[in-house]
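Engineer: A structural model of the following input is requested.
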Amino acid sequence: MDERDREYCQQALMDGEKALAYYGQAGRQWAQNEMAADAIAKRIESFCEYVDRISLAERARRPGFPWQEIRGMRNRLAHAYHHIDVRIIQELLDVYLPRDLAAMRAWLAEDSSFMVAAASEKAEQVITARTTTILPADYFDRLVSAIDHADRAPRLARAAKAAARHRRIA
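Structural biologist: All right, here's what the predicted structure looks like:
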């Protein structure tokens, strides 16, 4: 899921969860409370709007999701608000919205675990590249040769002679 679709999904989740929270606070008589009904309808409309913004590519990955039904609900809420059957909204709150929110939470969780795995793999590649020393092909041969044939070290030789002349008593 790309960043834009993730943001739309997160916003849709937030609006859907608020609609359910308002419904929970108002109770089964929510439709008699004009403020609760307006708030619930607005949050459902916003949920539908953000779901409708999700890209066609992402929708193709989720063929079982009710894309068209959600778009239709958004259009009815936006354009025919005063002609909405309360029973339809009630069924949406009781059945469909919780189901759709659960599906969207699963998408984000799935996407998050994919991102964590991809980030871990990339981190491993970076660490390996940074901790692996690549040497020229003949480097090891030159190193062994240097051990076999010591360079002259005149200062070291003078220090060894001086140490031999001035032995310490142990």
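
Engineer: any idea how far residue 77 is from the closest residue to residue 52 other than its chain neighbours?
Structural biologist: Leaving aside its sequence neighbours, residue 52 sits nearest to residue 71 (Cβ to Cβ, 6 or more residues apart in numbering; 5.0 Å). Heads up, the C-betas are built off the backbone N, CA and C, glycines and all. Using Cβ to Cβ, to the nearest Å, we find residue 71 at a distance of 11 Å from residue 77.

Engineer: What of residue 68?
Structural biologist: Distance from residue 68 to residue 77, by Cβ to Cβ: 15 Å.

Engineer: okay, the two: which has more neighbours?
Structural biologist: Neighbour count, other Cβ atoms under 10 Å: between residue 68 and residue 77, residue 77 has more, with 19 against 9.

Engineer: List the residues that contact residue 93.
Structural biologist: By Cβ atoms under 8 Å, 6 or more residues apart in numbering, the residues touching residue 93 are 19, 20, 23, 40.

Engineer: pLDDT score assigned to it?
Structural biologist: Per-residue pLDDT puts residue 93 at 95.

Engineer: Just name whatever secondary elements the host helix or strand of residue 119 is in contact with.
Structural biologist: Assigned by DSSP states H and E, residue 119 belongs to helix 97-131. Applying 3 or more Cβ pairs under 8 Å, 6 or more residues apart in numbering; DSSP states H and E, we find helix 97-131 packed against helix 3-26, helix 34-53.

Engineer: can you do 7 Å?
Structural biologist: Applying 3 or more Cβ pairs under 7 Å, 6 or more residues apart in numbering; DSSP states H and E, we find helix 97-131 packed against helix 3-26.

Engineer: Can you tell me what sits against the helix it packs on?
Structural biologist: 30, 33, 36, 39-40, 43-44, 46-47, 50-51, 53-55, 58, 93, 97-98, 101, 104-105, 107-108, 111 (Cβ atoms under 7 Å, 6 or more residues apart in numbering).

Engineer: That one to helix 34-53, inter-axis angle?
Structural biologist: Helix 3-26 runs at 160 degrees relative to helix 34-53, counting by axes from the mean of the first three to the mean of the last three Cα atoms, to 10 degrees.
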